[in-house]
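Student: Build me a model:
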Amino acid sequence: MASTQDFNRVWMITGASRGIGARIVEAALAHGDAVVATARDTASLVQRFGDRDAFLAVALDVTDEAQAAHATEIALARFGRIDVLVNNAGFGLLGAVEESTADEVRRLYETNVFGLLNVTRAVLPAMRKRRKGHVVNISSLGGYQSSAGFGVYCSTKFAVEGLTEALRAELAPLGIHATTVQPGYFRTDFLDKVSLTVSPRILDDYAATAGQVRSAATRINHNQPGDPQRLAQALLALVEMSNPPLRLPLGTDTVQTIRDKHAFVAQETAMWEQLSVSTDFPKGE
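Tutor: Numbers count the residues shown, from 1 in each chain. Next up, the predicted model:
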């Protein structure tokens with residue numbers, strides 16, 4: 001078995017069995033790095049990536065805090081360190097906010113937010129001990145601009161954005177980086193049933209908003225503009241940076257969305273500035 005010193009980096013990637021997660025695993029292995037790939041069922045991981053010194057498949061349901069701790073212990077026992085944590089596990093929910101049930105919302109947050117926290121808390125002690133590491137949280141275009149039909153999903157990614165901002169401030173003095181990656185629409189299976197829950201409740205009043213998004217998702221599926229292989233290469237470039245960004249938008253659609261939102265916020269702030277600043281105590285009081 002190869003020594004851990006043979007590997008430039010050791011990655012731990014959640015949700016690695018398909019989509020973006022699997023492409024990141026492939027890119028990291030091809031780069032000569034070691035990868036701890038996690039999924040609820042490791043059979044597909046072993047089938048796809050095989051048996052090699054640089055690869056370790058670990059069963060992990062990120063919603064289970066004890067499993068997150070155990071998976072981290074297994075990773076450290078095998079490779080001695082974790083240089084890059086990629087919190088990729090997650091899924092989508094399509095439907096208007098009112099159409100989404102409490103159970104649907106709860107399950108989404110359990111994976112997309114609480115699951116991310118479970119794994120991050122499990123991995124950070126080892127990174128803090130070495131005063132080195134990079135936490136990469138996979139957010140979304142929807143983590144910067146919410147939209148009809150994906151409101152609850154976007155809210156989980158807004159949470160990821162907020163957590164990552166705080167992590168960056170808390171971890172920077174310890175030599176650890178934190179970045180949120182914001183992919184736009186990439187050509188993966190994210191809009192398939194395996195990765196996207198569609199709320200069965202349909203209210204006619206939302207036909208022109210969330211209803212249109214339901215239809216668009218079917219048309220867009222597997223016709224997205226983003227190339228997941230290029231996304232994986234972008235992550236390799238990200239972890240090579242000595243001063244990585246807080247946010248890394250990926251895809252022309254995300255970049256344009258950010259520009260449009262900034263313009264809207266600037267316009268709205270200027271429009272209502274007089275009311276906004278009227279709430280302070282007068283100077284001298």
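Student: Contact partners for Arg48?
Tutor: 17, 22 (Cβ atoms under 8 Å, 6 or more residues apart in numbering). Backbone N, C-alpha and C define where each C-beta goes, glycine included.
Student: distance of it from Arg18?
Tutor: 9 Å (Cβ to Cβ, to the nearest Å).
Student: Now do Asp61 against Glu110, distance only.
Tutor: From Asp61 over to Glu110 (counting by Cβ to Cβ), the distance is 10 Å.
Student: can you check Cys154 too?
Tutor: Taking Cβ to Cβ, one finds Cys154 at 17 Å from Glu110.
Student: now Arg18
Tutor: 20 Å.
Student: buried stuff in the host helix or strand of Ala270?
Tutor: Using DSSP states H and E, Ala270 sits in helix 252-271. Within helix 252-271, the residues scored as buried using 16 or more other Cβ atoms under 10 Å are 253-254, 257-258.
Student: ok, and what's touching it?
Tutor: Residues outside helix 252-271 that contact it (Cβ under 8 Å, 6+ apart) are 141, 144-145, 182-185, 225-226, 249, 276.
Student: which among the residues you listed end up buried?
Tutor: Buried, going by 16+ other Cβ under 10 Å: 141, 144-145, 182-185, 226, 249, out of the contacts of helix 252-271.
Student: can you pull the buried residues of stretch 45-61?
Tutor: Buried positions in stretch 45-61, judged by neighbour count with 16+ other Cβ under 10 Å: 45, 48-49, 54-58, 60-61.
Student: Take those residues and keep only those in helices.
Tutor: 45, 48-49 (DSSP state H).
Student: Sketch out the low-pLDDT regions of the stretch 51-200 of the chain for me.
Tutor: 186-195 (pLDDT under 70).
Student: what do you get if the cut-off is 90, keeping everything else the same?
Tutor: Low-confidence segments of the stretch 51-200 of the chain (pLDDT under 90): 51, 91-92, 94, 141, 147-149, 184-200.
Student: All the strands of it, residue numbers only.
Tutor: 55-59, 84-87, 92-94, 133-138, 176-183, 196-198 (DSSP state E, counting those that start in this stretch).
Student: Next, the contact list for the closest residue in space to Thr38 that isn't next to it in sequence, please.
Tutor: Leaving aside its sequence neighbours, Thr38 sits nearest to Leu60 (Cβ to Cβ, 6 or more residues apart in numbering; 3.8 Å). Going by Cβ under 8 Å, 6+ apart, Leu60 touches 14, 38-40, 67-68, 71, 119.
Student: Can you tell me which of the ones in helices among the buried residues of stretch 45-61 is nearest Ala178?
Tutor: Nearest to Ala178 among these, counting by Cβ to Cβ, is Leu45 at 25.8 Å.
Student: can you tell me the distance between the two ends of stretch 73-93?
Tutor: The stretch stretch 73-93 measures 32 Å between its terminal residues, going by Cα to Cα, to the nearest Å.
Student: Can you report how many residues neighbour the closest residue to Ala34 other than its chain neighbours?
Tutor: With sequence-adjacent residues excluded and distances taken as Cβ to Cβ, 6+ apart, Ala34 is closest to Phe7, at 4.0 Å. Phe7 has 21 neighbouring residues, counting by other Cβ atoms under 10 Å.
Student: pretty sure Phe7 contacts Phe79?
Tutor: Yes: with contact defined as Cβ atoms under 8 Å, Phe7 and Phe79 form a contacting pair (7.2 Å).
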